[in-house]
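Asker: I would like the atomic coordinates for the input below:
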Amino acid sequence: MNPDSIEPLPERELSPWVMIALEGALLPMALLAGWLFEIDPCADIVWSADSLALGVVTALLPLAVVLALDYFRPALWQGMTHTIDELLIPLLRHWSWGQLLLVSLLAGLGEELLFRGVMIPALVPWIGLGAAVALSSILFGAVHAITRLYIVYATLMGLYLAFVWLASENLAVPIVAHAAYDFVALAWFLRWRGDHASSA
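Answerer: All right, here's what the predicted structure looks like:
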């Protein structure tokens, strides 16, 4: 058999609908958990122009950190660079803008309702507010186990979003911040990133 006639193996891709289904499942999961613990995760959500604007502004700090790390690529970011290049981009490269936006919105809504809206209030009577915020943030980091560095980063992100929620007394703010962060980060990695850092 002529080796040149062998077709290459198909490159791996992840259907956006799988991720949409997974992120979408977090919403009923959060509502069910809230029902079991007699907590209404939607009670602290107030949608307004101010909450939308504050959510977008809140997303700027974590976005600036992750985009700067990816742009300059210091040594500590090398594992994440490899994961982005070898896993994230090949899996998601054909997703449409609408699919990226939908996944981001579902992630922001479902994860914030579950980790901030339900988990923290459920833990507070048992371990107090500070420990509840810390534990929920650690668990939030654990479910984002892309690399060891990103576990730490996501844990810090969980602490940050919890602080924003408690300070604003409006869960809509971290929901918008989370969704905006996910969308812009995905857009950067999949559409805007290019090969600038490889020549740096």
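
Asker: P62: neighbour count?
Answerer: 21 (other CB atoms under 10 Å). Yep, even glycine has a C-beta here, placed from its N, CA and C like the rest.

Asker: and it, what helix or strand is that in?
Answerer: Using DSSP states H and E, P62 sits in helix 49-72.

Asker: and M157, helix, strand or coil?
Answerer: helix (DSSP: H, G, I helix; E, B strand; the rest coil).

Asker: Please report the distance of it from L123.
Answerer: M157 sits 18 Å away from L123, going by CB to CB, to the nearest Å.

Asker: buried residues in the helix holding P62?
Answerer: By 16 or more other CB atoms under 10 Å, the buried positions in helix 49-72 come out as S51, L54, G55, V56, T58, A59, P62, L63, V66, L67, L69, D70.

Asker: circling back to that earlier point, among M157 and L123, which residue is more densely surrounded?
Answerer: Neighbour count, other CB under 10 Å: between M157 and L123, M157 has more, with 23 against 18.

Asker: where does this protein have low pLDDT?
Answerer: Residues of the chain that meet the criterion pLDDT under 70 lie in 1-12, 194-200.

Asker: residue ranges for the helices of it, please.
Answerer: Per DSSP state H, the chain carries helices over the ranges 16-36, 49-72, 78-83, 89-92, 97-111, 120-127, 129-142, 148-168, 172-187.

Asker: Redo the ones you listed as a markdown table? Include distance to C42.
Answerer: Compiled in a markdown table, the helices of the chain are given as follows (distance: least, CB to CB, whole Å):
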| stretch | distance to C42 |
| --- | --- |
| helix 16-36 | 8 |
| helix 49-72 | 14 |
| helix 78-83 | 34 |
| helix 89-92 | 30 |
| helix 97-111 | 10 |
| helix 120-127 | 12 |
| helix 129-142 | 17 |
| helix 148-168 | 13 |
| helix 172-187 | 10 |
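
Asker: who wins for proximity to R193 among these?
Answerer: Closest approach to R193 among the helices of the chain (CB to CB): helix 49-72, 7.1 Å.

Asker: Next, the residues that contact the closest one from outside, please.
Answerer: Outside helix 49-72, the residues within contact range by CB atoms under 8 Å, 6 or more residues apart in numbering are 76-77, 80-81, 84, 153, 157, 160-161, 164, 168, 170, 172-181, 184-185, 188-189, 193, 196-197, 200.

Asker: got the angle for it vs helix 97-111?
Answerer: Relative orientation of helix 49-72 and helix 97-111, computed by axes from the mean of the first three to the mean of the last three CA atoms, to 10 degrees: 110 degrees.

Asker: Could you figure out how far helix 49-72 is turned away from helix 172-187?
Answerer: For helix 49-72 against helix 172-187, the angle by the same axes, to 10 degrees is 30 degrees.

Asker: distance between helix 49-72 and the chain's centre?
Answerer: Relative to the mean C-alpha coordinate of its chain, helix 49-72 is positioned 12 Å out (CA atoms, centre = their mean, to the nearest Å).

Asker: Let me know whether C42 touches G117 as I believe.
Answerer: Yes: contact criterion CB atoms under 8 Å: C42 and G117 qualify, at 7.3 Å.
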